[in-house]
Structure formats: structure tokens, C-alpha cells
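J.: have a look; sequence and predicted model below, questions after that.
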Amino acid sequence: MTALWRLEALGPMDALKAANDRLDAMDEPPALAWSLFEQGEPARGRLDVLFAAQPKIDAFLADIGLDRDAVDVSFGPLPEEDWVRLSLQGLAPVEAGRFVVHGAHDADKVPAEKTGILIEAGPAFGTGHHGTTKGCLIAVDRLAAKDFAPHSVLDLGCGTGALAIAAAKLWPEAVIAASDIDSEAVLETRSNAEKNGVAGHLDVFEADGFESPKLEHARFDLILANILAGPLERLARQLAERLKPGGRAILSGLLDEQAERVATAYAKAGLKVAGRESFDGWTTLVLAEG
Ligand SMILES: C[S@@+](CC[C@H](N)C(=O)[O-])C[C@H]1O[C@@H](n2cnc3c(N)ncnc32)[C@H](O)[C@@H]1O
């Protein structure tokens, strides 16, 4: 058993991003693992850092260029756990509509009538435990139940690839593109697609929004975008332009109270709300041409 120490810093996204970049650039980082999350508006973030032994916090913050006055820092030991056992065990399977997202050790727990999506817990987002991934999977399942059968699908912000893999399993004839701004997520989606036997159906590539030659002129029957309210609002016009007539967009990453604002931005781009889900305070919107 190893005691781990955890530091959580909340504050402006640009300051935390610079700290995260410094950690990434270190040859011998003092931390065991770290991840950066964007939260709410305006762009605020959370940097989560794990240490194998108790660090000197002020020295660590100075090393990564974080000013204590600019961020809220909380720090303390994590409860003692058998981390090796936990990591081997992975995350508990999650059911979402006809899908069960599970780790390698739980493949036998997927009921015969369900569709398993094998995702190993890793650095990218999307194990199915989050209300946004769950909302998207359920929205995808509902579309399929209504005989919606897209020929082309885009998973923008694919993370682990859970949504693209779900689409590939539901619609094996469809051509599926999966993109992410984060190169690690691209690698994870490729690896997960391989493990799920759908690698041949997916074109996975790095892109910030629609900034890619692969997305410039492409049009899709279904666009899945589980990113955040701010980027989704900014991408409204471009996303609407890339939807084929009769197509659907599934948007998530919106706190419930942000949903109307995002719906209004998409209404201006010609898409209306055709369905919605909400889990754990996160809304998923299904949009169609208005
Ligand atoms: C909330 S996760 C969603 C992952 C997965 N699609 C799911 O539903 O579980 C958001 C993902 O979007 C990516 N992302 C954020 N902004 C992006 C952008 N402007 N363009 C492409 N990907 C972006 C992040 O790197 C992250 O992997």
C-alpha cells in the first residue's frame, strides 16, 4: 500500500495551462501524474496533481510557475488504498442505453443483449462514468431506435473514443471520423478502436475544432461533440454548415444552466432542439435542422 498525496489547484485557465506545460516539459517531474480540466465560464480550470510522497508545496508551486494568490490550492494525503489492485480492477462497468462501457476485466459482465464498449481507464476522458458521455451514448441509442442510420459520423473531441466506437458498433456501414485537439486522446482512441475490433471503420486525427483539411469540406449525417459550452457556442456556425440535410448533432459538456444559451447559439445557426438528456447536472442536446 502506498500513500499518495494530491494537490488540486483551481484558477484561471491560462495560468494553469502554463503550469501544466511546465510539468509536461520537465525531464524528471516531481509529480507522479497530473491532469488539467476546463471548468465553467469564463475559462477556469483545475489542475490535479498526484505525488508518491509528501512534496514541499511552495517549492513545487514555484517550480511550475504558479502564484498562490492567483489560484486556490487544496492539498492533502489520499486515503490509503491498494492502488495496484484498484488499477487492475479498473472502473466498474457503466450502462447507457444499449451500451455497457467496461474495462478489460469486466468483459464477461456485459449481458448478451447489450453492446460492450471496452475502454481502459487512461489519461483521456470518456470511461462512460461522466454524465456527458452517458448522455451522448443514450442519445445515440435513441436515434438508432428511431431507425436513424447515418452514412457518415464525426466524433469531435473523441477523448477515449467511446462515442466513435459506439457509432461504429451500431452502424458498421458508416464512415466514422474521430478528432481531438489532444494528441494523447488521438492515440487512445486508435488503441481503443483496435481493442474493440472497429479500427478499420475509424479515421482518427488531431484537430482543433474544424481546423483540419479533413474537416474543411466534409459533411456528416451525425456530429457528436462532447466538449464544453464555450467552444460549442463558438463552433455553432461551422458545425451547422457541416451537417447534411436531415442530419443530427448531439452536443454535450453543458452544465444544465448553460443549455439554453447553447441552444440559442445553434438556433441562430439554423438548428433546433429535437431532444435532450440530463445526468448529474450535465445536459446533452440533440439538434436537427429548424
Ligand atoms: C469531455 S471530453 C469528451 C470525450 C468523449 N467524446 C466522451 O464523450 O466521453 C472532451 C474532449 O474534447 C477535446 N477537445 C476540447 N476542445 C476541443 C477542440 N476545440 N477541438 C477538438 N477537441 C477538443 C478534449 O481534448 C477532450 O478529449
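T.: Received it, and whenever you're ready, just let me know what you need.
J.: what about the lengthiest strand in the chain, near the ligand?
T.: In the chain, with assignment by DSSP state E, the single longest strand is strand 243-255. Yes: using C-beta under 6 Å from any ligand atom, strand 243-255 reaches the ligand at Gly253. (Glycine included, C-beta is placed from N, CA and C.)
J.: could you identify the helix or strand that succeeds that strand?
T.: Using DSSP states H and E, the helix or strand that follows strand 243-255 in sequence is helix 259-268.
J.: quick one: list the elements packing against the next helix or strand after that next one.
T.: Using DSSP H and E, the helix or strand that follows helix 259-268 towards the C-terminus is strand 271-279. Helices and strands touching strand 271-279, by 3 or more C-beta pairs under 8 Å, 6 or more residues apart in numbering; DSSP states H and E, are helix 131-145, strand 243-255, helix 259-268, strand 282-289.
J.: and the angle for the longest one with strand 243-255?
T.: To tie it back to what came earlier, the one meant is helix 131-145. Counting by axes from the mean of the first three to the mean of the last three C-alpha atoms, to 10 degrees, helix 131-145 lies at 150 degrees to strand 243-255.
J.: could you shift the numbering so residue one becomes 17, and keep it that way?
T.: Understood, numbering begins at 17; the last thing we discussed is helix 147-161.
J.: dump the C-alpha coordinates for helix 147-161 into CSV.
T.: Output of helix 147-161 as CSV, limited to C-alpha atoms (Å, rounded to 0.1, in the frame of the first residue of the first chain):
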residue,chain,number,x,y,z
GLY,A,147,-22.9,12.4,-17.2
THR,A,148,-21.9,13.9,-20.5
THR,A,149,-20.6,10.6,-22.1
LYS,A,150,-23.6,8.8,-20.7
GLY,A,151,-26.0,11.4,-22.1
CYS,A,152,-24.4,11.1,-25.6
LEU,A,153,-24.5,7.3,-25.6
ILE,A,154,-28.2,7.3,-24.6
ALA,A,155,-28.9,10.0,-27.2
VAL,A,156,-27.1,7.8,-29.9
ASP,A,157,-29.1,4.8,-28.7
ARG,A,158,-32.4,6.7,-29.0
LEU,A,159,-31.6,7.8,-32.6
ALA,A,160,-30.8,4.2,-33.6
ALA,A,161,-34.1,3.1,-32.0
